[in-house]
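Q: quick one, what's the 3D model for this:
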Amino acid sequence: MRSVIQFSLALGLVGGIFGYAPSVGAQAVSERPREDSATETEYLEGLEAYKKGDFKAAAQKFKQAAEQGSPLAQWVLGEMYALGQGVPQSDTLAAGWFRKAADQGDANGQALLGSLYDIGRGVPQDPTAAAIWYRKAADQGNSDGQTLLGTLYARGRGVPQDFAIAAAWYRKAAEQDNSEAQRNLGSLYYLGDGVPQDFVIAAAWYRKAAEQGNSGAEWMLGTLYEDARGVRQDYAVAANWYRRAADKGEAVAQRSLGLLYMSGRGVPRDLVQAHKWLNLGATGGDTKAAQTRDQIAGQMTASQIAEAQKLAREWRKKNE
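A: Have a look, this model is predicted:
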């Protein structure tokens, strides 16, 4: 199971430098419901089934617990409806179960319901309603709700745009080790929005997120090392961070790594590897990667291009 943020990413809710949205499964794995023993047993049996990959059995157990009023089981079941795990996919039913949990004051349910209002799935799109539900979760200390509310302030959706308020909410979540909040706070320091521009502080927050495996932060930390912003210039270190993000499918990082191979900075100059990574970035939707790939193809032999394409296919087979 995931976190509120991973849930939203799985649904394709967000993108951009302040990209982010919810799922709360990671908390569910360790959280025990505070209900009667029968409800707790059903929930825990559902959790065991989920861990084994038996989503149908898990959904049945979660539904039994949810119908008895367990807010934890309610939003977990809502996630399963949203993603079509063990049950027919239904945004409407997902919203209904999130609302049941949210109405009981469950912060995860509130953040998840807010995310559906944010994008208009299962409920009418309503950024103002999203902000209300995110705030309810955020005020309880829920780091996903805090991050999502911060993103609304950064974008001016449902609330007046205010980068200083966005930074305050990101900081609350970042101090709870929320990697998306850490990345977004780093971006505010990088851009100087709502906080004084400071590449050193930006690098520190990007590093915290990157060390948790946040691919966007890995890429941004790589750019700081490449451009000598807030850290000492080191192309080899930049290549390492780009590769971590690239291996997770981050298209812009694939382009950045390809450019290093093209120039021979931090890695040996290798047009085959450059073409491979640029090709992967292009497939991932990065138009600049596609343009550069086509340019270097003119410097390569037919056999080199064929080898690069083969390596790209092998990477996709392994990683997708």
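Q: from now on I want contacts and neighbour counts done on CA atoms only, so please keep to that.
A: Fine.
Q: count the residues that sit near the nearest residue to Gly156 once chain neighbours are set aside.
A: Leaving aside its chain neighbours, Gly156 sits nearest to Asp162 (7.1 Å; criterion: Cα to Cα, 6 or more residues apart in numbering). A count of nearby residues for Asp162, using other Cα atoms under 10 Å, gives 17.
Q: pop out the phi and psi values for Asp162.
A: phi -160, psi 100 (degrees, to the nearest 10).
Q: same question, Ala217
A: According to degrees, to the nearest 10, Ala217 has phi -70, psi -40.
Q: pretty sure it sits against Arg207.
A: Yes - taking Cα atoms under 8 Å as the definition, Ala217 is a contact partner of Arg207 at 7.1 Å.
Q: more neighbours: the two, which one.
A: Comparing Ala217 with Arg207 by neighbour count (other Cα under 10 Å), the higher total belongs to Ala217, at 30 against 23.
Q: contacts only, for the residue nearest to Ser90 when sequence neighbours are not counted.
A: Nearest non-adjacent residue to Ser90, counting by Cα to Cα, 6+ apart: Tyr81, 5.3 Å away. When contacts are counted by Cα atoms under 8 Å, 6 or more residues apart in numbering, Tyr81 touches 87-91, 93-94.
Q: got a markdown table for those residues, with pLDDT too?
A: Formatted as a markdown table, those follow (pLDDT from 0 to 100):
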| residue | pLDDT |
| --- | --- |
| Val87 | 97 |
| Pro88 | 96 |
| Gln89 | 96 |
| Ser90 | 97 |
| Asp91 | 97 |
| Leu93 | 97 |
| Ala94 | 97 |
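Q: just the buried members of those residues?
A: By neighbour count, with 16 or more other Cα atoms under 10 Å, these hold 87, 89-91, 93-94 as buried.
Q: picking that back up, from the contacts of Tyr81, which two are the most distant?
A: Using Cα to Cα, the two most remote members of those are Val87 and Asp91, lying 11.6 Å apart.
Q: name the helices or strands packed onto the lengthiest helix in the chain?
A: Ranked by residue count and defined by DSSP state H, the top helix of the chain is helix 302-319. Here helix 302-319 touches helix 271-283, going by 3 or more Cα pairs under 8 Å, 6 or more residues apart in numbering; DSSP states H and E.
Q: run the last query once more with 10 Å
A: helix 271-283, helix 287-297 (3 or more Cα pairs under 10 Å, 6 or more residues apart in numbering; DSSP states H and E).
Q: isn't Gln161 right next to Tyr153, touching?
A: Yes - contact criterion Cα atoms under 10 Å: Gln161 and Tyr153 qualify, at 4.9 Å.
Q: what's the closest of the buried ones among the contacts of Tyr81 to Met300?
A: The nearest one, if we look at these relative to Met300 and count by Cα to Cα, is Gln89, at 47.1 Å.
Q: name the nearest residue to Phe196, ignoring sequence neighbours.
A: Let me fix one detail, which is that residue 196 is Pro and not Phe. Closest residue to Pro196 apart from its sequence neighbours, by Cα to Cα, 6+ apart: Tyr189 at 6.5 Å.
Q: mind listing what's buried in the helix or strand hosting that neighbour?
A: Assigned by DSSP states H and E, Tyr189 belongs to helix 179-191. Buried residues in helix 179-191, counted by 16+ other Cα under 10 Å: 179-190.
Q: in JSON lines, list those residues along with pLDDT and distance to Tyr242.
A: Listed next are the buried residues of helix 179-191 as JSON lines, based on pLDDT from 0 to 100; distance: Cα to Cα, whole Å:
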{"residue": "Ser179", "pLDDT": "97", "distance to Tyr242": "17"}
{"residue": "Glu180", "pLDDT": "97", "distance to Tyr242": "18"}
{"residue": "Ala181", "pLDDT": "98", "distance to Tyr242": "20"}
{"residue": "Gln182", "pLDDT": "98", "distance to Tyr242": "18"}
{"residue": "Arg183", "pLDDT": "98", "distance to Tyr242": "15"}
{"residue": "Asn184", "pLDDT": "98", "distance to Tyr242": "18"}
{"residue": "Leu185", "pLDDT": "98", "distance to Tyr242": "20"}
{"residue": "Gly186", "pLDDT": "98", "distance to Tyr242": "17"}
{"residue": "Ser187", "pLDDT": "98", "distance to Tyr242": "17"}
{"residue": "Leu188", "pLDDT": "98", "distance to Tyr242": "21"}
{"residue": "Tyr189", "pLDDT": "98", "distance to Tyr242": "20"}
{"residue": "Tyr190", "pLDDT": "98", "distance to Tyr242": "18"}
